[in-house]
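J.: curious how this folds, go ahead:
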Amino acid sequence: MKHLTTAAAALLAMAALTACHSATDDEKAQPTIERIEAAVANGDFRSALDSIVILRDRFPKATQARRRALELWQEASLLEAQHEVAVTDSALQATIAQIDKAPTLLEQNMLRNKRDSLQARYDAECGVVRIIKAKQNGK
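T.: Model prediction:
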């Protein structure tokens, strides 16, 4: 009988301890998720991506936060790649316009090399955008 009383007391103590609310990993990760969302909204994509890496390391069991972080990762990566496409396209168009205006053949050839490099970068960034969009659409 004495063992039953001790066992019952132990069960009550365990129930009391588990009844106290301790923050889950997802709740602990929520401020980090909010900072990541703000960084994406402000166009600070590199900071957002770096923060997601940190979140994954610090909260490996925060499944909801990690799911949201994956969505934010794709969004930030897509927006960053689209920004790079726009910047590269502007530089490419400016370089193309300069080729015919270059006074010497050497300068024209140097600009053609630059054009080719920018074109390759542009094509690669467009490929990144296509891949991210395909992943977001579940393909």
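J.: rest of the way, CA atoms for contacts and neighbours
T.: Noted.
J.: is it correct that Ala102 is in contact with Arg112?
T.: No - look at Ala102 against Arg112 with Cα atoms under 8 Å: they stay out of range, at 10.6 Å.
J.: output the lowest mean pLDDT helix or strand found in this structure.
T.: The least trusted helix or strand in the chain, going by mean pLDDT, DSSP states H and E, turns out to be helix 2-19, with a mean of 55.
J.: buried residues in the very next helix or strand once past that helix?
T.: Downstream of helix 2-19, the next assigned helix or strand under DSSP states H and E is helix 25-41. Buried residues in helix 25-41, counted by 16 or more other Cα atoms under 10 Å: Asp25, Asp26, Ala29, Gln30, Thr32, Ile33, Ile36, Glu37, Ala39, Val40.
J.: neighbours of Gln98, how many?
T.: Neighbour count of Gln98, defined by other Cα atoms under 10 Å: 16.
J.: per-residue pLDDT, it?
T.: As predicted, Gln98 sits at a pLDDT of 97.
J.: ok, it - contacts?
T.: Residues near Gln98 by Cα atoms under 8 Å, 6 or more residues apart in numbering: Leu111.
J.: one more time with 10 Å
T.: Leu92, Glu107, Gln108, Leu111, Arg112, Arg115 (Cα atoms under 10 Å, 6 or more residues apart in numbering).
J.: what's the closest of the buried residues of helix 25-41 to Gly127?
T.: Nearest to Gly127 among the buried residues of helix 25-41, counting by Cα to Cα, is Val40 at 21.3 Å.
J.: how much space between that closest one and Thr104?
T.: 45 Å (Cα to Cα, to the nearest Å).
J.: Asp123 now?
T.: Relative to Thr104, and taking Cα to Cα, Asp123 is found at 28 Å.
J.: more neighbours: which of those two?
T.: Asp123 (15 against 11).
J.: what's the helix or strand for the more buried one?
T.: Applying DSSP H and E as the criterion places Asp123 in helix 105-136.
J.: do you know the pLDDT at the nearest residue to Ala39 once chain neighbours are set aside?
T.: Nearest residue to Ala39, sequence neighbours excluded (Cα to Cα, 6 or more residues apart in numbering): Ala48, at 5.4 Å. Per-residue pLDDT puts Ala48 at 94.
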